[in-house]
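predicted model and sequence below, questions to follow.
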Protein chains: 2
Amino acid sequence: MNNMSPAPVPPHAGTVDFVSGRTRLYGIVGHPIRQARSPATLTYELRRRGHDALLVPIDIAPYDFDAVFPQLLKVGNLDGLVVTVPHKARAAAHMKRVGPMAAVCRAVSVLGRCRDGWVGEMFDGAGCVTAIESRGVRVGGRRVQLLGGGGAGSAIAAELARKGVSMLRLVEPDRPRGEALVRALRDAYPASHIFLGASDLSDIDILINATPVGMLDPDAAPIDDLAIPASVVVMDAIMDPERTKLLRTAEACGCVCVYGREMLESQVVRACDFLLRAREHSIGDFVFHPDGIS
Amino acid sequence: MNNMSPAPVPPHAGTVDFVSGRTRLYGIVGHPIRQARSPATLTYELRRRGHDALLVPIDIAPYDFDAVFPQLLKVGNLDGLVVTVPHKARAAAHMKRVGPMAAVCRAVSVLGRCRDGWVGEMFDGAGCVTAIESRGVRVGGRRVQLLGGGGAGSAIAAELARKGVSMLRLVEPDRPRGEALVRALRDAYPASHIFLGASDLSDIDILINATPVGMLDPDAAPIDDLAIPASVVVMDAIMDPERTKLLRTAEACGCVCVYGREMLESQVVRACDFLLRAREHSIGDFVFHPDGIS
């Protein structure tokens, strides 16, 4: 065979430069997951800070969650997770230790891997308040009306109470759920002024929608009012559509409007800080730093 | 508050363009996983074909494998897996259906997600033979000496038998393992000429190393011979170092040398074909096409 002309050694195969065997993994778990923005935004932030890392979408069906999730946490090169709808409460139940906001809300939005296991915290409320405050509006001392006391709503309510709003009015049609949340908030923040039920829009400074009304439906709104005082800052936690019916009404009334994507995007830096800091600590040593949730 | 000057709406957060919530996931499971090349090469191939997809490294420790692996298969947007050391045999046990090469080797290297579950096949042998044949050397009718009858060795032996080598000499120091493999190959390929034990290098056409001897050790070789006839084609399945002691000896002797990365890279297109084709079928309909393993 030495008198044949062998083909030359082939060149190396084509490769990409954004993933290799050494890339550290992060994920966002939810169902569905197609709409998630964290893969693009948090991957950007992790790489901007010099980490060879990717945050990938991980779709886990609700009926599989309790079996799949604890096993997923064993993947050796998985360093952190973002948790989205509908898994935030169930994910919290799998944590050995959660932060103070997660303890009030009984739900987590970000999970970091410490050297010896996982810790979780809830950043949805901080994301909402940071988005509002990034627009020059301090929430401390303000009168806030919050529509919806579900997953997002309870996180936002807890952060508003922590921030010392002068009055928090919670509008929650599920009365037992609303009453339970008000009790939990009063226990956690005894100095807060929290009430169930709407007040007139002329008596509030900030209106926040944390219900799903208006999501994927450009003509639905969580309030019937067509006239909102221009003095009211209006925030909608819904991301799709970006300009919900509520926000279009508020724009027309001359209100300062804060959009859902701002709530999400304001969490990117905070989530990244949390994820990277967890890796440097053990569960017992990890400090849920106030700056990490405010 | 309407007499304040609100900060302008912030621009959208920074993003990357190679991962989003819609990206389909593929993975390579192994332990360790840092050395894996499939993330860079198979991601490249999937994207070259127009798929919004990523193949990520997934490190599963051996003692966690049987708990984690079946749950990982439930992740809804996971479309396929590559399996590497040390999980190839155990992964096969979790498959509802495997292809003919996997059935002989009792191990899988690629898993595709059909509409109703997972199917697996073993491509290591085809990768080795394709790498050799890509250099203009037909294996059919040749006399081959194969060092090592473990995971990689049994896959290579099965493919050589399928391709109709005129003689296959298997050198396996673990005699029961060697004998079991020879029996399995004779059962699957009754026309083959398979024997246990080495012959003189002057009596063979192709020498293949499928032992780990030489891996991560530039001075170790699986044979003591310092003179290899120039007529012998020498292939080493080891990838690190690329130029093992065996191949440096063969180079010095003027042999045609086939490197470990060629074996891996020749599997990229085949693995990609398999992964993408599985998605179009149900388990029962899926055809393990001969072209897919030759």
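Sure, I can see it.

break chain A into its domains for me.
Recorded structural domains for chain A (assignment: automatic domain parsing) are A:24-123+A:267-283, A:125-262.

what about the residue nearest in space to the middle of chain A, distance to A:Asp66?
For chain A, A:Asp124 is the residue whose C-alpha lies nearest the centre (CA atoms, centre = their mean; 3.7 Å). Between A:Asp124 and A:Asp66 the distance is 22 Å, computed by CB to CB, to the nearest Å. Every C-beta, even on glycine, is put in place using the N, C-alpha and C of the backbone.

could you do A:Met235 as well?
Following CB to CB, the distance that separates A:Met235 from A:Asp66 is 33 Å.

the two: which is more packed in?
Set side by side, A:Met235 and A:Asp66 give different neighbour counts by other CB atoms under 10 Å in any protein chain shown, the larger being at A:Met235 (29 against 14).

tell me the spacing between the residue nearest to that one when sequence neighbours are not counted and A:Lys163.
Nearest non-adjacent residue to A:Met235, counting by CB to CB, 6 or more residues apart in numbering or on different chains: A:Val258, 4.0 Å away. Using CB to CB, A:Val258 is found at 15 Å from A:Lys163.

comparing these two, which residue is more hemmed in?
A:Val258 (28 against 22).

residues in contact with that one?
Taking CB atoms under 8 Å, 6 or more residues apart in numbering or on different chains as the contact definition, A:Val258 lies against A:Ala131, A:Ile132, A:Arg135, A:Val233, A:Val234, A:Met235, A:Asp236.

apply 7 Å and report the result again.
With contacts defined as CB atoms under 7 Å, 6 or more residues apart in numbering or on different chains, A:Val258 is in contact with A:Ala131, A:Ile132, A:Arg135, A:Val233, A:Met235.

restricted to strands, list these.
A:Val233, A:Met235 (DSSP state E).

quick check on the contacts of A:Val258: which are buried?
Among the contacts of A:Val258, those buried by neighbour count (16 or more other CB atoms under 10 Å in any protein chain shown) are A:Ala131, A:Ile132, A:Arg135, A:Val233, A:Met235.

just give me the closest of these to B:Ala250.
The shortest distance between B:Ala250 and any of the buried ones among the contacts of A:Val258, using CB to CB, involves A:Ala131 and amounts to 64.5 Å.

excluding its backbone neighbours, what's nearest the closest one?
By the measure of CB to CB, 6+ apart, the closest residue to A:Ala131 outside its immediate chain neighbours is A:Glu262, 3.9 Å from it.

my guess is the one you found meets B:His12, correct?
No: no contact is recorded between A:Glu262 and B:His12 when judged using CB atoms under 7 Å, the distance being 9.6 Å.

name the residue in these two with the higher neighbour count.
A direct count of neighbours by other CB under 10 Å for A:Glu262 and B:His12 places A:Glu262 higher, at 25 against 11.

SS state for the more buried one?
For A:Glu262, the assignment made with DSSP: H, G, I helix; E, B strand; the rest coil gives helix.

the one 4 residues further on too?
For A:Ser266, the assignment made with three-state DSSP gives helix.

how many other residues sit next to the closest residue to it other than its chain neighbours?
In space, not counting the residues next to it along the chain, A:Ser266 is nearest to A:Thr130; the distance is 4.2 Å by CB to CB, 6+ apart. Counted with other CB under 10 Å, residues neighbouring A:Thr130 total 22.

try A:Gly120
27.

surely it and A:Val108 touch.
Yes: using CB under 7 Å as the test, A:Gly120 is close enough to A:Val108 to be in contact (3.5 Å).

between these two, what contacts are shared?
Counting by CB under 7 Å, 6+ apart, the shared contacts of A:Gly120 and A:Val108 are A:Ala91, A:Ala92, A:Met95, A:Val98, A:Ala102.

list the contacts of the third one.
By CB under 7 Å, 6+ apart, the residues touching A:Met95 are A:Val108, A:Leu111, A:Trp118, A:Val119, A:Gly120.

pLDDT score for it?
As predicted, A:Met95 sits at a pLDDT of 92.

next one: it from chain B, what distance?
A:Met95 sits at a distance of 18 Å from chain B (criterion: CB to the nearest CB, to the nearest Å).

so what's the residue nearest to the centre of chain A up against?
Going by CB under 7 Å, 6+ apart, A:Asp124 touches A:Ser109, A:Ala152, A:Ala155, A:Ile156.

for the third one, which three-state class applies?
Recorded secondary structure, A:Ala155: helix (three-state DSSP).

burial count for it?
With neighbours defined by other CB under 10 Å, the count for A:Ala155 comes to 27.

then A:Arg261?
In terms of burial, A:Arg261 registers 19 neighbours under the definition other CB under 10 Å.
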